[in-house]
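A.B. asks: What follows is a predicted protein model with its sequence.
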Amino acid sequence: MNSLVSSQAISFIMSILSGLFLGFVYDLVRVLRRIIKHPKWLINIQDFIFWLFGSLIIFLDIFKNNNGVLRGFLYIGVFLGLIIYFFLISKLVLRIFMKVYTFIANIIKFLFKIIIRPIKLLFSPINFVVRKIYKLLKKFGKWLIIKYKKTIKDVKVIFKKK
């Protein structure tokens with residue numbers, strides 16, 4: 001009888017750990033949503049996929065640790081793990097993930113600036129020439145339009161006289 005109680009206690013602890021794990025995975029999804037804005041329909045799909053994943057984790061946990069026997073205390077353990085995670089750990093984990101993301105993003109921005117600056121310097125003379133040519137073509141285009149309109153007026157006047 002003692003081994004039965006200890007195996008059920010281990011199953012309960014494992015279900016609590018499964019709840020903690022599911023909370024952690026959901027925080028990863030939440031960080032992804034903060035980094036990249038998602039439309040409402042995509043959030044709903046992500047939640048659906050997460051709960052399918054969570055159901056699979058819970059099923060595998062019950063199958064492995066309790067030989068597939070469904071017990072109410074296992075579900076209580078998963079919910080207890082989720083509650084513990086979201087009330088005690090989640091804010092810290094989100095803060096850490098966002099700080100790591102910000103740190104990595106700043107490093108990437110800095111490296112990008114280092115790479116882009118020499119390229120900008122190389123292309124600045126070309127950019128200057130292209131802008132000057134663009135302005136000249138723009139003026140020429142306006143001049144052509146004015147000449148075209150004047151020519152059209154002259155042609156209309158000629159055809160009206162006849």
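C.D. replies: On my side now, so go ahead.

A.B. asks: which one's the longest helix in this structure?
C.D. replies: Using DSSP state H to define each element, the chain has its longest helix at helix 90-161.

A.B. asks: helices or strands up against it?
C.D. replies: Applying 3 or more CB pairs under 8 Å, 6 or more residues apart in numbering; DSSP states H and E, one finds that helix 90-161 makes contact with helix 2-35. In short, each C-beta sits where N, CA and C put it, glycine included.

A.B. asks: The helix it packs on: which residues count as buried?
C.D. replies: By 16 or more other CB atoms under 10 Å, the buried positions in helix 2-35 come out as 8, 11-12, 14-16, 18-23, 26-27, 29-31.

A.B. asks: can you count the residues close to F87?
C.D. replies: 10 (other CB atoms under 10 Å).

A.B. asks: so how far is I57 from it?
C.D. replies: For F87, the distance to I57 equals 20 Å [CB to CB, to the nearest Å].

A.B. asks: Then K91?
C.D. replies: 23 Å.

A.B. asks: between those two, which one's more packed in?
C.D. replies: I57 (16 against 11).

A.B. asks: my guess is that one meets L20, correct?
C.D. replies: No. Counting by CB atoms under 8 Å, I57 sits too far from L20 to count as a contact (11.2 Å).

A.B. asks: Flag the helix or strand of this protein with the lowest per-element mean pLDDT.
C.D. replies: helix 90-161 (a mean of 83; mean pLDDT, DSSP states H and E).

A.B. asks: now it, how far from the chain's geometric center?
C.D. replies: Averaging C-alpha positions (CA atoms, centre = their mean, to the nearest Å) puts helix 90-161 28 Å from its chain's average.

A.B. asks: Over to the residue nearest to the spatial centre of the chain: give its phi and psi.
C.D. replies: With distances taken as CA atoms, centre = their mean, I36 lies nearest the centre of the chain, 2.8 Å away. Phi and psi for I36, reported as degrees, to the nearest 10, are phi -120, psi 120.

A.B. asks: same question, N67
C.D. replies: Note on N67: backbone dihedrals following degrees, to the nearest 10 are phi 60, psi 30.

A.B. asks: burial measure for it, as a count.
C.D. replies: 9.

A.B. asks: who's in contact with it?
C.D. replies: Not one residue lies near N67 by CB atoms under 8 Å, 6 or more residues apart in numbering.

A.B. asks: Let's see the pLDDT reported for it.
C.D. replies: The per-residue pLDDT reported for N67 equals 72.

A.B. asks: Quick check: it vs F103, distance?
C.D. replies: 45 Å.
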